[in-house]
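Structure of the sequence below:
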Amino acid sequence: MGTIDFSGLKIKLIGSLVAISVIELLKDFIELSGAAEVGEGTIWRIVIHLTFVVSGVLFALMDWIADKREFSGTHS
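Have a look, this model is predicted:
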């Protein structure tokens with residue numbers, strides 16, 4: 001097993017949160033099959049899931065930008 005740095009751990013944690021969130025959403029969607037309306041709890045779970053997804057993408061983007069800056073600074 002290799003070592004993992006802080007940014008890698010952060011991305012893995014966000015990925016785990018997104019996976020747990022999507023499993024809960026799938027449970028809600030299965031329960032909603034045939035229902036006429038979406039409940040307020042399901043709407044909040046969708047909002048929370050999208051927040052996790054956007055946060056994960058932004059964290060990955062920040063790490064990618066930081067890595068590019070680090071590599072460009074060492075080649076000069």
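
The helix or strand bottoming out on mean pLDDT in the chain packs against which elements?
Lowest on mean pLDDT, DSSP states H and E among the helices and strands of the chain sits helix 40-74, with a mean of 87. If contacts are counted by 3 or more CB pairs under 8 Å, 6 or more residues apart in numbering; DSSP states H and E, helix 40-74 sits against helix 6-32. All C-beta atoms are positioned from the backbone trio N, CA, C, and that covers glycine.

Which positions in the helix it packs on come out as buried?
Residues of helix 6-32 classed as buried: Lys10, Ile14, Leu17, Val18, Ser21 (neighbour count, 16 or more other CB atoms under 10 Å).

these two touch, right, the last one and Leu50?
So that's Ser21. No. The pair Ser21 / Leu50 is not scored as a contact, 9.1 Å apart, by CB atoms under 8 Å.

ok, back up a step: check the offset of the least confident helix or strand of the chain from the chain's centre.
Relative to its chain's centre, helix 40-74 lies at 7 Å (CA atoms, centre = their mean, to the nearest Å).

quick one: that helix to helix 6-32, angle?
On the basis of axes from the mean of the first three to the mean of the last three CA atoms, to 10 degrees, helix 40-74 is oriented at 160 degrees to helix 6-32.

my read: Lys12 touches Ile4, true?
Yes. Applying CB under 8 Å, one finds Lys12 in contact with Ile4, separated by 7.4 Å.

now, which of the buried residues of helix 6-32 sits nearest Leu58?
Nearest to Leu58 among those: Ile14, at 9.5 Å, using CB to CB.

How about the contacts made by the residue nearest to the closest one when sequence neighbours are not counted?
Leaving aside its sequence neighbours, Ile14 sits nearest to Gly56 (CB to CB, 6 or more residues apart in numbering; 4.0 Å). For Gly56, the contact set (CB atoms under 8 Å, 6 or more residues apart in numbering) comprises Ile11, Ile14, Gly15, Leu17, Val18.

could you measure Gly56 against Thr42, distance?
21 Å (CB to CB, to the nearest Å).

Over to Ile23?
Distance from Ile23 to Thr42, by CB to CB: 14 Å.

Also Lys68?
In terms of CB to CB, Lys68 sits 39 Å off from Thr42.
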